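Participant: Make a model of this:
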Amino acid sequence: MTEVLVVVDMQNGFITPETASVVPTVVDLVEHWERTGRDVVFTRFFNPPGSPYERLMHWTGFREPPENELIAELTDHAANSVAVVDKAQYSAFTGEMDKLVRLREWTEFVICGIATEMCVLKTAVDAFEQGFRPQIVTDASQTYMGAEAHEAGLALAARLVGSEQLTTVRSLLGSDHSSPTA
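Facilitator: Numbering: from 1, shown residues only. Here you go, the predicted structure:
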């Protein structure tokens, strides 16, 4: 079993009053994960001209900085990570990610970030459908659409990948045998 922490789309443009509270939790999780020496991958969403988001949803955001840049609290961590995977889709499972999965032999994906009901969920479902174990860290994920959308995303995740794949930072780190005991 080889785990990777996938930090999804923690970008300036996704930090809103609804998502800002999750930033310290994600940073703490990343810092703990790094201390254990396990792999971390960050994703960044981009919305190129002509994308389905533009054509079908009439949304033209995330074309340029500063909104598409990773938040300042995570830039140093991203620079030291296994990779920053750029994507123009919901899922982290791009061609680049598929290559990393094979190279690093990851079998478990611990997923956190923004947005619970979109990119976090789609990444978990894609991992599941490829035969891997996804775990969504519920208190290290959030959405700019508010609590109702976050809860809806978690309900869908429970249905699509199993409720056992939903965890919290405390549960995740409590089961981490490499963490120091108090």
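Participant: Pull out the CA atoms of the helix or strand bottoming out on mean pLDDT in the chain and give them to me as CSV.
Facilitator: Every helix and strand in the chain was compared by mean pLDDT, DSSP states H and E; the lowest is helix 169-174, with a mean of 92. Taking Å, rounded to 0.1, in the frame of the first residue of the first chain, the C-alpha atoms of helix 169-174 are listed here in CSV:
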residue,chain,number,x,y,z
VAL,A,169,-8.0,14.7,9.8
ARG,A,170,-8.2,13.4,13.3
SER,A,171,-9.2,9.9,12.2
LEU,A,172,-6.6,9.9,9.5
LEU,A,173,-3.7,11.0,11.7
GLY,A,174,-4.9,8.9,14.6
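Participant: Could you check it and say which residues are buried?
Facilitator: 169, 172-173 (16 or more other Cβ atoms under 10 Å). To be clear about C-beta, it is placed using only N, CA and C from the backbone, and glycine gets the same treatment.
Participant: Same question for stretch 36-51.
Facilitator: Buried residues in stretch 36-51 (16+ other Cβ under 10 Å): 38-45, 47, 51.
Participant: Which stretches in the chain count as helices?
Facilitator: Counting by DSSP state H, the chain has helices at residues 23-35, 52-57, 72-79, 95-104, 121-129, 147-161, 169-174.
Participant: Distance of the most centrally placed residue in the chain relative to residue 55?
Facilitator: By Cα atoms, centre = their mean, the chain has its centre lying nearest to residue 8, at 2.6 Å. To residue 55, residue 8 is 23 Å away according to Cβ to Cβ, to the nearest Å.
Participant: And stretch 15-31, what's buried?
Facilitator: 15, 18-19, 22-23, 25-27, 29-30.
Participant: Save these as a markdown table, and put in pLDDT and distance to residue 59 too.
Facilitator: Shown next, in a markdown table, are the buried residues of stretch 15-31 (pLDDT from 0 to 100; distance: Cβ to Cβ, whole Å):
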| residue | pLDDT | distance to residue 59 |
| --- | --- | --- |
| 15 | 98 | 17 |
| 18 | 97 | 18 |
| 19 | 98 | 17 |
| 22 | 98 | 22 |
| 23 | 98 | 23 |
| 25 | 98 | 27 |
| 26 | 98 | 24 |
| 27 | 98 | 28 |
| 29 | 98 | 29 |
| 30 | 98 | 28 |
